[in-house]
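Asks: need a 3D model of the sequence below.
(one chain, ligands or ions: 2)
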Amino acid sequence: MTNILAIESSCDETSAAVISNGQIRSNIVATQVIHQKYGGVVPELASRAHQQHILPVVEKALEDAKISKKDLNAIAFTRGPGLLGALLVGASFAKALALGLDIPLIEVHHMQAHVLAHFIEEPRPSFPFLCLTVSGGHTQIVLIRSALDMEIIGETQDDAVGEAFDKTAKLLGLPYPGGPLVDKYAQLGDPLAFPFPMSEMPALNYSFSGIKTSILYFLQEKVKNNPDFVIENLNDICASVQYTLIKMLLQKLRKAAKQTGISEIAIAGGVSANSGLRKALHELGAKEGWKVYIPRFEYCTDNAAMIAMAAHFKYENEDFCEQTVSPLPRMDF
Ligand code: KG4
Ligand code: ZN
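Replies: Ligands and ions are numbered 1, 2, ... in the order given. Next up is the predicted model:
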């Protein structure tokens, strides 16, 4: 039996998971609520909260998995991308534990782990497949040839789509993180109420910074004539913005599927929890004849189970790293 403990600390979730022979045995996530007060993640506060949470989270993950430290065969951690101070907490903890137990250390790429979350449970995609990876920091179309061979074939040239959701929410006066709230109000609104322009980017790339500016100007104009405009039209504004963002996402995904001839299509990352995106992908998939893969909600947003899954594949490949490895705020595939 191979047991791996995995740690995720790239942003505002402190998480630990145990995987045994490719099966997730536990997955504990401590979400840092402190950032809500500030309307966004404060890096210094994130590092401090990781320091506070990491030991209890790891202990609970081991307890839930009914595994003691001496039964572990490797320790995995998120090397990047993410906030440096936050990554350092997880990396240092993982290194110390691996050193103390004299077992291998495995570094994991956070975005690759989001993709590999699809292997936690059935149905698992077959290779090659495409994954639209959408989070607070990234928007990528990834071509996955095998668990350890991935290529980014399209990505945002500026903001991530999660940022577009969060910034829209902020403009509407909603608390952080706004993405889930935009989703909630959008379900009650008319997606065609207010048309927003879609940015056109070459190839399979995206741009989400323009829509944020057009929403800002749109709101300024409307509020000038009616100070209650946002309150009176919250559902319709959210539905219209979400509709535009989803349309942009799926247009390029469709293009990527056509270009590559691949019809196994997945989504991953925090924004894949969006109910409108999940529904629209199912509908488009049915029309295009795709096999569509959408993770369970708990595996969409940041979690250590996905880090553990990536570590499982790396362990099988004996892909271990040195104790001197440093966390990377930006990290290539
Ligand atoms: O993957 P994730 O948990 O962290 C990063 O790696 O960034 O993604 C977080 C992002 C945030 O921007 C959050 O607002 C967004 O995912 N998000 C959503 C929803 N749930 C989370 N956006 C839209 N609709 C949702 N239901
Ligand atoms: Zn993430």
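Asks: show me the domain layout of this structure.
Replies: As recorded under automatic domain parsing, the domains making up the chain are 3-115+300-316, 123-295.
Asks: does the last one come close to ligand 1?
Replies: So the one you mean is domain 123-295. Yes. Residues of domain 123-295 are located near ligand 1 by C-beta under 6 Å from any ligand atom, namely 135-137, 162, 165-166, 177-180, 183, 269-271, 273-274. All C-beta atoms are positioned from the backbone trio N, CA, C, and that covers glycine.
Asks: save the domains of the chain as CSV, and put in mean neighbour count and mean pLDDT too.
Replies: Listed next are those as CSV, based on neighbours: other C-beta atoms under 10 Å; pLDDT from 0 to 100:
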stretch, mean neighbour count, mean pLDDT
domain 3-115+300-316, 21, 97
domain 123-295, 18, 97
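Asks: now the ones you listed as a markdown table including distance to Leu328?
Replies: Formatted as a markdown table, the domains of the chain follow (distance: least, C-beta to C-beta, whole Å):
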| stretch | distance to Leu328 |
| --- | --- |
| domain 3-115+300-316 | 4 |
| domain 123-295 | 13 |
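Asks: hmm, back to that, check the residues of domain 123-295 next to ligand 1 one by one and keep those near ligand 2.
Replies: Filtering those for proximity to ligand 2 by C-beta under 5 Å from the ion leaves Ser135.
Asks: between the residues of domain 123-295 next to ligand 1, which is nearest Ala308?
Replies: Lowest distance from Ala308 to those (C-beta to C-beta) belongs to Gly269, with 17.1 Å.
Asks: I'd say that closest one and Thr133 touch.
Replies: Yes. With contact defined as C-beta atoms under 8 Å, Gly269 and Thr133 form a contacting pair (4.8 Å).
Asks: spit out the residues that contact those two alike.
Replies: 111, 114 (C-beta atoms under 8 Å, 6 or more residues apart in numbering).
Asks: so what's the most centrally placed residue in the chain closest to, chain neighbours aside?
Replies: By C-alpha atoms, centre = their mean, the chain has its centre lying nearest to Gly269, at 2.6 Å. With C-beta to C-beta, 6 or more residues apart in numbering as the measure, Ser135 is the residue that lies nearest to Gly269, at 3.6 Å, once sequence neighbours are left out.
Asks: next, the contact list for the one you found, please.
Replies: 111, 114, 160, 162, 269-271.
Asks: again, only this time at 7 Å
Replies: The contact partners of Ser135, taken as C-beta atoms under 7 Å, 6 or more residues apart in numbering, are 114, 160, 162, 269-271.
Asks: how close does Asp102 sit to Lys70?
Replies: 11 Å (C-beta to C-beta, to the nearest Å).
Asks: now do the end-to-end distance for stretch 171-185.
Replies: Start-to-end span of stretch 171-185 (C-alpha to C-alpha, to the nearest Å) is 14 Å.
Asks: can you list the residues of the stretch 1-150 of the chain near ligand 2?
Replies: Ser135.
Asks: residues from the stretch 1-150 of the chain in reach of ligand 1?
Replies: Counting by C-beta under 6 Å from any ligand atom, the stretch 1-150 of the chain sits next to ligand 1 at 11, 135-137.
Asks: may I ask which two of the residues you listed are separated the most?
Replies: Cys11 and Ser135 (9.0 Å).
Asks: dihedrals phi and psi, the closest residue to ligand 2 within the stretch 201-333 of the chain?
Replies: Of all residues in the stretch 201-333 of the chain, the one sitting closest to ligand 2 is Asp302 (4.4 Å; C-beta to the ion). Backbone torsions of Asp302, given as degrees, to the nearest 10, read phi -60, psi 130.
Asks: which residue packs closest to Ala323, ignoring adjacent ones?
Replies: Small correction: residue 323 is Gln, not Ala. Lys95 is the one closest to Gln323 (C-beta to C-beta, 6+ apart), at 5.7 Å.
Asks: where does the one you found fall, helix, sheet strand or coil?
Replies: helix (DSSP: H, G, I helix; E, B strand; the rest coil).
Asks: which of the residues of the stretch 1-150 of the chain next to ligand 1 lies closest to Lys212?
Replies: Nearest to Lys212 among these, with distances taken as C-beta to C-beta, is Gly136, at 14.0 Å.
Asks: in a helix, that's where that closest one is, yeah?
Replies: No. Judged by three-state DSSP, Gly136 forms no part of a helix; its state is coil.
Asks: quick one: it and Ala273 touch, right?
Replies: No. Counting by C-beta atoms under 7 Å, Gly136 sits too far from Ala273 to count as a contact (11.6 Å).
Asks: looking at this protein, which helix is longest?
Replies: helix 229-260 (DSSP state H).
Asks: for that one, which helices and strands make contact with it?
Replies: strand 129-134, strand 139-146, strand 149-155, helix 161-171, helix 179-186, helix 209-225, helix 275-288 (3 or more C-beta pairs under 7 Å, 6 or more residues apart in numbering; DSSP states H and E).
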